[in-house]
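K.L.:
Got a predicted model here, sequence first, then my questions.
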Amino acid sequence: MVLKQVVEKIGLNMPNCRGLGLDGASFMMGKFRGCAAIIQEDYPLAKSVHCFNHHLNLVLSKACNIVEFNQVFATMAEVYNFIYLSNQRSLRFSTIVEVNSEKKTKVVKLRPTRWVERHDAILVFVQFLPLITIFLEEDVSCESKAALFLSTLCDRVFFLVFLLLKLYLHTLLDLANFFHFPQKTL
């Protein structure tokens with residue numbers, strides 16, 4: 001079995017394993033053929049539990065079904081697609097970033113299911129917002145769409161919700177990091 005080979009290869013001390021944090025999918029937690037069942041055949045003390053971070057992510061997805069939040073995320077995704085789904089616009093935006101920014105990265109694409117990554121995407125979007133504004137003001141290839149995005153990004157309500165979302169997700173990032181325990185080793 002590949003799973004058992006990977007566990008052995010990375011050197012986990014499985015006789016001491018007491019918990020398996022899994023995402024809740026049947027492939028992972030299935031009683032008969034899930035990953036947990038396969039591991040528990042050899043290590044019955046390893047009990048499967050729903051991963052706290054994954055559980056937190058599911059709760060947030062349900063709890064944050066706020067229209068204004070969704071509008072901010074949708075606008076960010078549309079602006080990202082507007083810039084990067086066209087080679088010409090992507091190159092023009094890269095030139096603006098190169099000329100006007102010390103950081104030579106790009107806007108991060110939103111992942112609809114990962115809240116921690118949404119926080120990263122918002123931080124990068126905040127960093128690039130002045131450059132996105134410059135880009136949209138200069139865009140002549142698709143003037144009406146650029147003008148619409150520019151109008152939305154400069155709207156006070158949009159910007160307020162955007163900043164609230166940034167603060168909200170920052171708090172959740174701390175909570176997610178607490179549950180993840182990246183400094184702990186098995």
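P.N.:
Happy to help now that I have it.

K.L.:
what ranges do the strands span in this protein?
P.N.:
Here the chain has its strands, by DSSP state E, at 19-22, 47-50.

K.L.:
As TSV, those with mean pLDDT would be great.
P.N.:
Putting the strands of the chain into TSV (pLDDT from 0 to 100) gives the following:
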stretch	mean pLDDT
strand 19-22	76
strand 47-50	78
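
K.L.:
Could you dump those strands into TSV with mean neighbour count added?
P.N.:
The way it works is simple: take the backbone N, C-alpha and C, and place the C-beta from them, glycine included. Formatted as TSV, the strands of the chain follow (neighbours: other C-beta atoms under 10 Å):
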stretch	mean neighbour count
strand 19-22	16
strand 47-50	15
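
K.L.:
Throw these into a markdown table and include distance to Ser94, thanks.
P.N.:
Shown next, in a markdown table, are the strands of the chain (distance: least, C-beta to C-beta, whole Å):
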| stretch | distance to Ser94 |
| --- | --- |
| strand 19-22 | 39 |
| strand 47-50 | 42 |
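
K.L.:
right, and these - which one's nearest Thr95?
P.N.:
Of all the strands of the chain, it is strand 19-22 that lies closest to Thr95, at 44.5 Å by C-beta to C-beta.

K.L.:
Just list what the closest one packs against, helices and strands only.
P.N.:
Counting contacts by 3 or more C-beta pairs under 8 Å, 6 or more residues apart in numbering; DSSP states H and E, strand 19-22 packs against helix 35-42, strand 47-50, helix 52-63.

K.L.:
hmm, back to that, out of the strands of the chain, flag the one nearest Leu85.
P.N.:
strand 19-22 (35.3 Å).

K.L.:
For the residue located most distally from the centre of the chain, give me the pLDDT.
P.N.:
Seen from the C-alpha centroid of the chain, the residue lying at the greatest distance (C-alpha atoms, centre = their mean) is Asp42, 34.8 Å away. You'll see Asp42 listed with a pLDDT of 80.

K.L.:
same question, Phe32
P.N.:
On the pLDDT scale, Phe32 gets 77.

K.L.:
ok, it to Ser26 distance?
P.N.:
Counting by C-beta to C-beta, to the nearest Å, the gap from Phe32 to Ser26 is 10 Å.
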